[in-house]
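Participant: dropping the sequence and predicted coords here.
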Amino acid sequence: EAGEIAAVVELIQDVSERKAAQDALRISEERLRLAYLAEGIGYWDWDLVAQSGMGSAEMATILGLPSQPVSLGEELFIPLILPEERESMLATIKARCAPGGGDSFSYNHHVITQSGEVRWVSELGLILRGPDGNATRIVGTIRDVTANQLAAQERQKFFALIENSLDSIAMATLSGELVYLNPAGRRLHGFPLDAPLTGQLLWPHPSEDGGLTQSEVERIVAETDRWEGETTIRHAVTGEAIDVRKSIFVVREPHSGTHLCLAAITQDIRLAKRNEEALRDAKERAEAGSRAKSAFVATVSHELRTPMNGVLGMLEVALHREADAAQRERLQFAKGAAETLLTLLDDLLDFSKMEAGKLELFLSEFPLKTELLRMVESFAERAEKKLLQLGCELELGDVEYVLADRGRLRQVLNNLLGNAIKFTPC
């Protein structure tokens, strides 16, 4: 009858290969996604016809958005590009998408996340085209390279520091063959700025004054990782001998400590040596002048002291014989002035001895109390004339005799008491 099932036909098709291919594709995509995730790489897909697309969760994270797949639109992504780079980037992509513009592009630019953080990103794009050659779709990856760019900037700063250093800075293989020499080093050694360094060695030249040999320096560096010392280099063009201070050291890998290369810093010390020699000559001349002055002062003081003692002796004789009070007063005044002059001569003689390092102390035992009271008594009249009270209070305990230079003690006390009376107002 109509409508009844007459027969059942079953078609069986072996789809094992297709399923295996699908599983392999799924596994491959998963591995690719995990690789992107591990490397922090996001991916995106943009439909040029529909003017819409999607981005992965990793891309959203890079842009500072919640970590989940995101629908892309011009109003979402374009405003995140740094304004001063936006026009240039869009023009580059547009030129690439034009017929004959190529199938891929790469671009490094900055984005501003929603939190206001500026990040440096690197994008790689693949352009898909229709049969007519017009671009229909762009797929690509995006990666946060902020850390890499900052590291590159630091390396550039370090390189600029080396290139502009006034000291010679060199790098060499572990065997000592030069591979880099900064401009200051090339000028110091007499090498043209663009000349190859083939055959040039980091090690100092054999010393002509009995210093360390190259093999000895190599041994020290191998044992201690560093050698530093003064040596001489020869200018490659003029042959001039140049005095330098050289420091050679091993550069190690920070984590493993593996030896990477050798480095050297070389300083031209010719000017420093000339200045040092000039200072040494000036010092010797000054010392010679000082010795001559001290010798002159000592001679003059000694020669004047002898006749001054004669003057004092004659004044003393005259005082003993003179009966007239007025005349005695004049003689006493002259004696005081002569004694003051003799003290001044003694001070000058002591000063010259001190400069020559020949000041001597003559030690003897004497009663300290008696000496102090005698000094105070000798200044009592001068203090009384200025209406000053001069006294001496001693707390010596059981000390009666001391071992000292009696003359020097008198000299010190004479200066102290004399200045105290002279500069104390009435």
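Facilitator: Done, it's in. Numbering: from 1, shown residues only.
Participant: quick one: the helices in the stretch 301-426 of the chain, in order.
Facilitator: Along the stretch 301-426 of the chain, counting by DSSP state H, counting those that start in this stretch, helices occupy 325-356, 368-385, 406-423.
Participant: with the stretch 151-300 of the chain instead?
Facilitator: Under the criterion DSSP H, counting those that start in this stretch, the stretch 151-300 of the chain carries helices at the ranges 183-189, 214-224, 270-321.
Participant: buried deepest among these, which one?
Facilitator: With neighbours taken as mean count of other Cβ atoms under 10 Å, those reach their highest mean count in helix 183-189, at a mean of 19. Heads up, the C-betas are built off the backbone N, CA and C, glycines and all.
Participant: in TSV: the helices of the stretch 301-426 of the chain, plus mean pLDDT, mean neighbour count and distance to Pro204.
Facilitator: Putting these into TSV (pLDDT from 0 to 100; neighbours: other Cβ atoms under 10 Å; distance: least, Cβ to Cβ, whole Å) gives the following:
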stretch	mean pLDDT	mean neighbour count	distance to Pro204
helix 325-356	75	14	44
helix 368-385	84	14	66
helix 406-423	84	13	57
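Participant: same list, the ones you listed, but as a markdown table with distance to Leu396 please.
Facilitator: Supplementary listing: the helices of the stretch 301-426 of the chain in a markdown table, determined by distance: least, Cβ to Cβ, whole Å:
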| stretch | distance to Leu396 |
| --- | --- |
| helix 325-356 | 27 |
| helix 368-385 | 6 |
| helix 406-423 | 14 |
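Participant: all the strands of the stretch 101-250 of the chain, residue numbers only.
Facilitator: Listed from the start of the chain, the stretch 101-250 of the chain has strands (DSSP state E, counting those that start in this stretch) covering 104-112, 118-129, 135-144, 168-172, 178-181, 226-234, 241-252.
Participant: out of those strands, deepest packed?
Facilitator: Most buried of the strands of the stretch 101-250 of the chain, by mean neighbour count (mean count of other Cβ under 10 Å): strand 168-172, with a mean of 21.
Participant: one step back: quick one: which of the helices of the stretch 151-300 of the chain is nearest Ala338?
Facilitator: Distance to Ala338, taken as Cβ to Cβ, is lowest for helix 270-321 among those, at 5.1 Å.
Participant: per-residue confidence averaged over that closest one?
Facilitator: Mean pLDDT, taken over the full extent of helix 270-321, equals 81.
Participant: other SSEs contacting that helix?
Facilitator: strand 241-252, helix 325-356 (3 or more Cβ pairs under 8 Å, 6 or more residues apart in numbering; DSSP states H and E).
Participant: could I get the ones you listed in JSON lines, plus columns for distance to Leu394?
Facilitator: As requested, these are exported to JSON lines (distance: least, Cβ to Cβ, whole Å):
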{"stretch": "strand 241-252", "distance to Leu394": "62"}
{"stretch": "helix 325-356", "distance to Leu394": "25"}
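Participant: gap between the residue nearest to Gln332 when sequence neighbours are not counted and Gln114?
Facilitator: In space, Gln332 comes closest to Leu319 once its chain neighbours are excluded; the distance is 6.7 Å by Cβ to Cβ, 6 or more residues apart in numbering. Taken as Cβ to Cβ, to the nearest Å, the spacing of Leu319 relative to Gln114 amounts to 110 Å.
Participant: with Gly336 instead?
Facilitator: Plainly put, Gly336 is 99 Å away from Gln114 if you go by Cβ to Cβ.
Participant: helix or strand right after the helix or strand containing Lys19?
Facilitator: With elements delineated by DSSP states H and E, Lys19 resides in helix 16-39, which encompasses its position. The C-terminal neighbour of helix 16-39 among helices and strands, as given by DSSP H and E, is strand 41-47.
Participant: list the pairing partners of that next one within its sheet, with orientation.
Facilitator: Taking DSSP bridges as the criterion, strand 41-47 sits next to strand 52-55 (antiparallel), strand 135-144 (antiparallel) in its sheet.
Participant: ok, and what's touching stretch 373-388?
Facilitator: Taking Cβ atoms under 8 Å, 6 or more residues apart in numbering as the criterion, the residues outside stretch 373-388 that touch it are 389-392, 410, 413-414, 417-418, 421, 424, 426.
Participant: show me how far that stretch is from its chain's centre.
Facilitator: With Cα atoms, centre = their mean, to the nearest Å as the basis, the distance from the averaged C-alpha position of stretch 373-388 to the chain average is 63 Å.
Participant: which non-adjacent residue is nearest Val49?
Facilitator: What sits nearest to Val49 in space, not counting adjacent residues and going by Cβ to Cβ, 6+ apart, is Thr136, at 6.0 Å.
Participant: residues contacting the one you found?
Facilitator: When contacts are taken as Cβ under 8 Å, 6+ apart, Thr136 is in contact with 47-49, 128-130.
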